[in-house]
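Asker: Fold the following, please.
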Amino acid sequence: MPLSPDEVERYARHIVLREIGGPGQQKLKRARVLVVGAGGLGSPLMLYLAAAGVGTIGVVDDDVVSLSNLQRQVLHMTEDVGRLKTQSATDAVGRVNPHVVVEPNAFRLDAANALDLIGRYDLVADGSDSFATRYLVADACALAKRPLVTASLGAFDGALTTIRAHETGPSGEPNPTWRCLFPEPPPAGTVPTCAEAGVLGALAGMMGSMMAIEVVREIVGFGEGLVGRLLVVDALAMRFETVAYAWDPDNPVTGVAPTIRDLSVHAHA
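Answerer: Model prediction:
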């Protein structure tokens with residue numbers, strides 16, 4: 001799948017990077033990435049993936065654009081209020097890069113459709129804003145053997161990690177899953193929602209952009225990935241910390257005695 005002259009010029013600043021080059025840019029062109037959520041994290045993520053030349057970007061979101069989204073969801077414009085986010089996202093990506101194919105999925109990801117949808121893509125990037133969806137996506141990626149880049153946002157904090165639960169690490173031990181890091185979601189109502197607590201708009205841009213960097217690194221294969229490392233951002237103090245985590249043999253998905261073998265545990269979530 002050679003790059004056209006227009007693409008060579010468009011991606012020139014990538015192609016001169018030794019870590020990417022022409023072969024890496026072709027990997028990006030061939031890649032199929034599913035973005036879960038076209039909101040605060042998904043917006044900058046999709047824009048930078050499109051600009052980077054990721055060939056096919058799937059997006060799954062059942063929401064419509066509201067005026068309160070626009071403070072941080074830079075994928076959408078004022079005139080998009082009331083439209084499906086997947087429609088607005090498709091148009092926005094088209095304006096950034098006509099070489100990118102967008103596959104919109106205007107429905108809620110659930111236990112019935114997650115494995116089928118995720119199985120169509122090479123990698124999943126989760127920018128969802130609910131614990132139920134985050135655990136569903138992580139479990140589905142582990143079962144479908146797909147790498148996952150996942151991030152979360154608080155009012156002034158964020159976190160990012162990469163999960164390749166279907167593979168083993170350099171030591172020969174399995175890579176950790178999301179449930180090795182956070183075994184169970186917090187009880188309902190204990191963590192305030194974005195609407196309740198607020199969120200610094202530019203922080204969503206920062207975290208979504210770092211997700212895009214991690215996705216590109218995973219596709220092309222350079223640098224030190226975030227498998228087994230949780231990057232934590234404190235925007236009040238502007239501090240970055242990395243917390244190491246490892247495979248838990250008691251985790252219910254890929255542990256010694258797994259209890260989650262399908263997504264039925266999420267059926268009533």
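Asker: ranges for the helices of the protein?
Answerer: 5-10, 12-15, 21-30, 42-52, 85-96, 114-118, 131-144, 178-181, 194-197, 201-220 (DSSP state H).
Asker: how far out from the middle of the chain is stretch 88-100?
Answerer: Computed by Cα atoms, centre = their mean, to the nearest Å, the chain-centroid distance of stretch 88-100 equals 18 Å.
Asker: tell me the most buried of the helices of the chain?
Answerer: helix 42-52 (a mean of 25; mean count of other Cβ atoms under 10 Å). All C-beta atoms are positioned from the backbone trio N, CA, C, and that covers glycine.
Asker: Residues contacting that helix, please?
Answerer: With Cβ atoms under 8 Å, 6 or more residues apart in numbering as the test, helix 42-52 has contacts from 11, 14, 28, 33, 35-36, 38, 57, 59, 61, 72-76, 89, 92-93, 96-97, 100, 125, 127, 204-205, 208-209, 211-212, 215-216.
Asker: thinking again about what came up before, next, format the helices of the chain as JSON lines and append distance to Ser66.
Answerer: Shown next, in JSON lines, are these (distance: least, Cβ to Cβ, whole Å):
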{"stretch": "helix 5-10", "distance to Ser66": "33"}
{"stretch": "helix 12-15", "distance to Ser66": "35"}
{"stretch": "helix 21-30", "distance to Ser66": "32"}
{"stretch": "helix 42-52", "distance to Ser66": "14"}
{"stretch": "helix 85-96", "distance to Ser66": "10"}
{"stretch": "helix 114-118", "distance to Ser66": "25"}
{"stretch": "helix 131-144", "distance to Ser66": "19"}
{"stretch": "helix 178-181", "distance to Ser66": "29"}
{"stretch": "helix 194-197", "distance to Ser66": "10"}
{"stretch": "helix 201-220", "distance to Ser66": "14"}
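Asker: Any idea which of those gets closest to Glu167?
Answerer: Closest approach to Glu167 among these is made by helix 131-144 (10.6 Å; Cβ to Cβ).
Asker: now the closest one, how far from the chain's geometric center?
Answerer: The answer for helix 131-144 is 12 Å, by Cα atoms, centre = their mean.
Asker: Averaged pLDDT, that helix. What do you get?
Answerer: Confidence for helix 131-144, expressed as mean pLDDT, is 96.
Asker: And it, what does it pack against?
Answerer: Helices and strands touching helix 131-144, as assessed by 3 or more Cβ pairs under 8 Å, 6 or more residues apart in numbering; DSSP states H and E, comprise helix 114-118, strand 123-126, strand 148-153, strand 157-163, helix 178-181.
Asker: If you average pLDDT over each of the helices of the chain, which is lowest?
Answerer: In terms of mean pLDDT, the lowest-scoring of the helices of the chain is helix 194-197 (a mean of 77).
Asker: What are the contacting residues of that one?
Answerer: In contact with helix 194-197 (Cβ under 8 Å, 6+ apart) are residues Gly40, Ser68, Asp129, Leu153, Gly154, Ala155.
Asker: Glu214 and Asp126, how far apart?
Answerer: 12 Å (Cβ to Cβ, to the nearest Å).
Asker: Low-confidence regions, the stretch 51-200 of the chain specifically.
Answerer: For the stretch 51-200 of the chain, no stretch is flagged by pLDDT under 70.
Asker: Of the helices of the chain, which is nearest Ala106?
Answerer: helix 85-96 (4.5 Å).
Asker: orientation of the closest one relative to helix 42-52 in degrees?
Answerer: 30 degrees (axes from the mean of the first three to the mean of the last three Cα atoms, to 10 degrees).
Asker: what helices or strands is helix 85-96 leaning on?
Answerer: helix 42-52, strand 56-60, strand 101-105.
Asker: and Glu19, which of those is closest to it?
Answerer: Comparison of the helices and strands packed on helix 85-96 against Glu19 by Cβ to Cβ identifies helix 42-52 as nearest, at 12.9 Å.
Asker: so that closest one versus strand 148-153, what angle?
Answerer: 140 degrees.
Asker: Now do helix 42-52: distance to the chain's middle.
Answerer: 11 Å.
Asker: related to what we said a few turns ago, just give me the closest of the contacts of helix 194-197 to His266.
Answerer: Asp129 (16.6 Å).
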